[in-house]
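Enquirer: Below are the sequence and a predicted model for it; my questions follow.
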Amino acid sequence: MDFIDLLLLAKDEDGNTLSDEAISAEADTFMFEGHDTTASGLAWLLYNLAHHPHYQERCRQEVRELLKGRDVEEIEWEDLSHLPFTTMCIKESLRLHPPVTAVSRRCTEDIALRDGRIIPKGIICLLSIYGTHHNPDIWPEPQVYNPLRFSPENSQGRSPLDFIPFSAGPRNCIGQSFAMAELKVVTALTVTRFAIRPDTGRPPVRAGKTLTK
Ligand code: HEM
């Protein structure tokens, strides 16, 4: 049974099936929020590893040591929590190149800021994930790709709101664990089989992306 089958068969508590419009909206959500984002995250991760061969090699060694002779095709769910350096590389890539650069919220009540200013009810606020991830007060030399920012010792004292590639709060990304798993599996499969090198003749150009609610 695939995703569309699940939607076609879904029923609410009164036994009603989803309308065609609702099925189309669900499919759009998963294609845009679940596919495009992961593809962008993966592309930038491979780009960063290509530009930093020493980090790429550390990921390769980490995966090989974990597998201890098993074929990489046999990588299991359980293995994914034993790739600390690769996870640091992924997080640093999501910091430097967040696939979703901003989210927005309409205030349902007045919000008092620490300095006493008020954001009035009804105002739509645009929250910059890209800006947060490039704030030099939190991330010194923000343009530098440095996975060690995410080592346990360097992460101490940092607020969870300093790193928000999947947003935060009750409407944050429902697919973040799945996305992290996908990124780890693809990295493991790729670095154990290929050496990734940059195509310096065609530098990538970033396109902005905002999710609005
Ligand atoms: C690297 C990959 C991904 C990134 C960076 C990402 C990021 C985000 C962000 C920033 C939001 C907005 C939350 C907000 O407005 O505060 C979001 C929402 C969402 N994401 Fe992801 N996402 C990723 C992968 C996925 C995957 C794999 C799925 C599904 C399998 C998924 C499903 C969703 C859904 C359904 C929402 C809407 C949640 C809601 O409105 O309550 N995402 N994601």
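Expert: Arrived safely, thanks for sending.

Enquirer: how about the strands in this protein?
Expert: According to DSSP state E, the chain carries its strands in the segments 102-106, 111-112, 118-119, 124-128, 210-211.

Enquirer: so how many other residues sit close to the residue in the chain that the ligand sits nearest to?
Expert: The ligand sits closest to residue 175 of the chain, with a gap of 2.1 Å, by CB to the nearest ligand atom. C-beta coordinates here come from the backbone N, C-alpha and C atoms, glycine included. Other residues near residue 175 number 17, with proximity taken as other CB atoms under 10 Å.

Enquirer: Out of the strands of the chain, point me to the one whose mean pLDDT is lowest.
Expert: Between the strands of the chain, the one with the least mean pLDDT is strand 210-211; it has a mean of 54.

Enquirer: before we move on, back to that, would you agree the residue of the chain closest to the ligand is in contact with residue 33?
Expert: Yes. The pair residue 175 and residue 33 passes the contact test of CB atoms under 8 Å, sitting 7.0 Å apart.

Enquirer: Next to the ligand, which bits of this structure? Give me the list.
Expert: Neighbours of the ligand within the chain, by CB under 6 Å from any ligand atom: 29-30, 33-34, 37-38, 41, 99-100, 103, 165-167, 171-175, 178-179, 211, 213.

Enquirer: show me where pLDDT drops low in the protein?
Expert: Residues of the chain meeting the criterion pLDDT under 70: 208-213.

Enquirer: 90 instead, please
Expert: Along the chain, segments meeting pLDDT under 90 span 1-7, 10-13, 26-36, 68-74, 174, 200, 202-213.

Enquirer: returning to that earlier point: and the residues of the chain next to the ligand, which of them are in helices?
Expert: Cross-referencing those against helices under DSSP state H gives 29, 37-38, 41, 178-179.

Enquirer: Now the buried members of these.
Expert: 37-38, 41, 179 (16 or more other CB atoms under 10 Å).

Enquirer: wait, which of the residues you listed is closest to residue 189?
Expert: Nearest to residue 189 among those: residue 38, at 14.5 Å, using CB to CB.
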